[in-house]
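Chemist: Turn this into a structure:
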Amino acid sequence: MESSSLQGVLAEHAELQTQLSDPAVHAEADRARKLGRRYAELAPVVKTIEELERAREDLTAARELASEDPAFAEEAEEIAQRIPVLEAKLTEQLLPRDSYDAADVVMEIKSGEGGEESALFAADLLRMYLRYSEQHGWKAVVLGSTESDLGGYKDVTVSIKGKPDGPEGVWARLKFEGGVHRVQRVPATESQGRIHTSAAGVLIYPEPEEVEVDVDPNDLRIDVYRSSGPGGQSVNTTDSAVRITHLPTGIVVSCQNEKSQIQNRARAMQVLQARLQLAAEEAAAAKAADARRSQVRTVDRSERIRTYNYPENRISDHRVNYKAYNLDQVLDGELTGVLDALAAADKEERLAAQQS
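Modeler: Numbers count the residues shown, from 1 in each chain. Down below sits the predicted model:
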């Protein structure tokens, strides 16, 4: 842990504090938000650096006094034991961050094996994430969806935006949710009471504030159609909903939430650009190393990352061997336990990589 790098953190923090005290900065909402997020990221690091510096100074003073008065020897020992703890904490805080941790996200939930039961499970997952977002004061908006006959979702796309001054971004919290989610329960369509297994896929990607990907209009197929509400009923009489297909990659983005076709088209293009940017970055990263994490390759039960077992009220995340028997609460948005376990495992991996 080089002193020069720590001084760099302190200098950046002080500079951000100066900029944020300038009223002119707050006239530019986007700039002020970015500066505020970075300042919030650095604040706990700066606090630890200051605590460590004070502890080292106190240790020097206590050892000098202990040579004259043995009563200070015990205090010196206590301080000496605290310093490695602070150093470890600082090392952890200085780990390279995911560049998108402060970003908002777009999430897609798709039904897979299991037909109507899978579509109903996709609706349960959507509700779970909407409730979790609500608990954190995030704004979640359904951009587009295709409903099943029984009120589930064949696919649904939702935008989730965090608080501008929140302690962490939506991506930092939800980025591990991508993958195949498996459910074991008695379906509503099952007359014999037998437990069935089905699956739904979750795709999640950051929605950066600045998108750098250029899209060739010739690579797009744009379809318009009437927006539909619950049960398939039309919510307006004009073709305002927009579906954009990126022909080279096959990526399809739909938006029907906005009031006009122009607004829906602009929003769908924004989502498409975010997806293409993430895909380009993942492809580049894969050339240098294994992909950081895979999400949904096929919505197949064998590729599941998590299982929701209704008869046992159990949730199991297979990546970190997490298991808890509060499935009812999890489906009501209480995801803290499993998300904390995933974040902790990721932190351990990054620490190990840095030390190797």
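Chemist: what's near enough to touch T189?
Modeler: 116-117, 150 (Cβ atoms under 8 Å, 6 or more residues apart in numbering). Just so you know, the C-beta spots here come from the backbone N, C-alpha and C atoms, and that holds for glycine as well.
Chemist: do you know how far it is from E113?
Modeler: Counting by Cβ to Cβ, to the nearest Å, the gap from T189 to E113 is 14 Å.
Chemist: Near A24, how many residues? Count them for me, please.
Modeler: The tally of other residues near A24 (other Cβ atoms under 10 Å) stands at 9.
Chemist: Per-residue pLDDT of it, please?
Modeler: Looking at A24, its pLDDT stands at 89.
Chemist: cool, G36 as well?
Modeler: Predicted confidence (pLDDT) for G36: 84.
Chemist: can you check C255 too?
Modeler: 89.
Chemist: how distant is the one helix or strand K347 maps to from the center of its chain?
Modeler: Taking DSSP states H and E as the criterion, the element that holds K347 is helix 336-355. A distance of 14 Å separates the centroid of the chain from that of helix 336-355, by Cα atoms, centre = their mean, to the nearest Å.
Chemist: And for that helix, what's in contact with it?
Modeler: 91-92, 95-96, 173-174, 176, 306, 315, 317, 319-320, 322, 324, 326, 330.
Chemist: buried stuff in it?
Modeler: 338-339, 341-343, 345-346 (16 or more other Cβ atoms under 10 Å).
Chemist: in the chain, which helix has the most residues?
Modeler: Identified as the longest helix of the chain according to DSSP state H is helix 29-66.
Chemist: Next, the buried residues of that one.
Modeler: 32, 35-39, 41-42, 45-46, 48-49, 52, 55, 58-59, 62-63, 66.
Chemist: And stretch 97-113, by the same measure?
Modeler: 100-113.
Chemist: farthest pair in those residues?
Modeler: By the measure Cβ to Cβ, A102 and E113 form the most distant pair in these, at 35.4 Å.
Chemist: hang on, the earlier thing: need the next SSE after the longest helix of the chain, C-terminal direction.
Modeler: Downstream of helix 29-66, the next assigned helix or strand under DSSP H and E is helix 71-93.
Chemist: Report the distance from that next one to the chain centre.
Modeler: 34 Å.
Chemist: shaky segments in the stretch 1-150 of the chain?
Modeler: Along the stretch 1-150 of the chain, the model assigns pLDDT under 70 to residues 1-2.
Chemist: separation between I109 and D58?
Modeler: I109 is 53 Å from D58, by Cβ to Cβ.
Chemist: hang on, the earlier thing: now, of the contacts of T189, which are buried?
Modeler: Buried, going by 16+ other Cβ under 10 Å: 116-117, out of the contacts of T189.
Chemist: Tell me which of the contacts of T189 fall in helices.
Modeler: Per DSSP H, the contacts of T189 map to helices at 116-117.
Chemist: Out of the contacts of T189, which is nearest to K139?
Modeler: The closest of these to K139 turns out to be L150 (Cβ to Cβ; 28.4 Å).
Chemist: List phi and psi for that closest one.
Modeler: phi -100, psi 10 (degrees, to the nearest 10).
Chemist: quick one, what contacts it?
Modeler: Shown in contact with L150 (Cβ under 8 Å, 6+ apart): 116, 119-120, 188-189.
Chemist: Show only the entries of those residues found in helices.
Modeler: 116, 119-120.
Chemist: Including distance to A73, could these go into a markdown table?
Modeler: Below are the ones in helices among the contacts of L150 laid out as a markdown table (distance: Cβ to Cβ, whole Å):
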| residue | distance to A73 |
| --- | --- |
| E116 | 73 |
| A119 | 70 |
| L120 | 68 |
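Chemist: from those, which is closest to Q273?
Modeler: A119 (28.5 Å).
Chemist: Contacts only, for that closest one.
Modeler: For A119, the contacting residues are 111, 147-148, 150, 152-154, 200, by Cβ under 8 Å, 6+ apart.
Chemist: repeat that for 10 Å
Modeler: For A119, the contacting residues are 109-112, 146-156, 198, 200, by Cβ atoms under 10 Å, 6 or more residues apart in numbering.
Chemist: swap in R63?
Modeler: 72-73, 75-77, 79-80.
Chemist: Could you rerun that using 6 Å?
Modeler: A76 (Cβ atoms under 6 Å, 6 or more residues apart in numbering).
Chemist: Buried residues of stretch 248-260, list them for me.
Modeler: Across stretch 248-260, burial judged by 16+ other Cβ under 10 Å covers 252-258.
Chemist: mind listing which of those are in strands?
Modeler: 252-255 (DSSP state E).
Chemist: From R306, how far off is A188?
Modeler: 21 Å.
Chemist: A344 too?
Modeler: Counting by Cβ to Cβ - A344 and R306 are separated by 16 Å.
Chemist: Kindly report the same for Q270.
Modeler: On the measure of Cβ to Cβ, Q270 and R306 end up 29 Å apart.
Chemist: Looking at the two now, which is surrounded by more residues?
Modeler: Comparing Q270 with R306 by other Cβ under 10 Å, the one with more neighbours is R306, at 21 against 17.
Chemist: could you give the angle of the helix or strand hosting that one to helix 336-355?
Modeler: Element membership for R306, per DSSP H and E: strand 304-309. Interaxial angle, strand 304-309 versus helix 336-355 (axes from the mean of the first three to the mean of the last three Cα atoms, to 10 degrees): 160 degrees.
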